[in-house]
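Trainee: Next comes the sequence, and after it the predicted model I'd like to discuss.
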Amino acid sequence: MVQEEATPTTVLWRPTGPEEWELVRQSGRRAWPPRLPEQPIFYPVLNEEYAIKIARDWNVPHHGVGYVTRFRVESEFLRRYPVQQAGGKTILELWVPAEELDEFNAHLVGPIEVVHEFR
C-alpha cells in the first residue's frame, strides 16, 4: 500500500476582532472574509506572542474583545509572500494583497481556530 505524503504546512496566527471572527465562523471556519476598501492587505503574523499583543492591546480597547486565531497554509504557496518585519525582530507578518485573498483561502489546510480570547 502506498501512502500519500501530507502537504507541508506553515502555522500562522491572526489577531481578530468580533466582526471578522463572525464572518470566519459563517464560512465554516474555512476562509478569511474579503478586505474592506480601506484594507489593501491581509496580514497574518508569524508568531503567537505578536498576535496576542495586538488582540489584547488593540482589539479589546477598540471592539471589547480580541481573538487570536491559528491556522495552517500550504508552505509552498506561502513562498510568494516575503516575510515583512513590521517593527522589532519578532514583529513578523506576511502581506497578502486583498485581491489575492480568495487564492490564499484556497490554500488553507484545516479550520481556522480561536486559541486565545481577551475581553
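Mentor: That came through fine. Residues are numbered from 1 along each chain as shown.

Trainee: Val115 contacts Phe71, correct?
Mentor: No. Using Cβ atoms under 8 Å as the test, Val115 is too far from Phe71 to be in contact (9.9 Å). Heads up, the C-betas are built off the backbone N, CA and C, glycines and all.

Trainee: Compare the two (neighbour count), which wins?
Mentor: Legend: neighbour count by other Cβ atoms under 10 Å for Val115 and Phe71, higher for Phe71 (22 against 13).

Trainee: first vs last residue of stretch 72-92, how far apart are they?
Mentor: One end of stretch 72-92 sits 16 Å from the other (Cα to Cα, to the nearest Å).

Trainee: where does this protein have low pLDDT?
Mentor: The chain contains residues with pLDDT under 70 at 1-5.

Trainee: could you pull out the strands for it?
Mentor: Taking DSSP state E, the strands of the chain run over residues 9-16, 41-42, 66-74, 83-85, 92-94, 96-97, 108-118.

Trainee: who does the third one pair up with?
Mentor: Meaning strand 66-74. Partners of strand 66-74 in the sheet, by DSSP bridges, are strand 9-16 (antiparallel), strand 108-118 (antiparallel).

Trainee: Identify each buried residue in the first one, please.
Mentor: I take that to be strand 9-16. Neighbour-count burial for strand 9-16, counted by 16 or more other Cβ atoms under 10 Å, picks out 9-10, 12-16.
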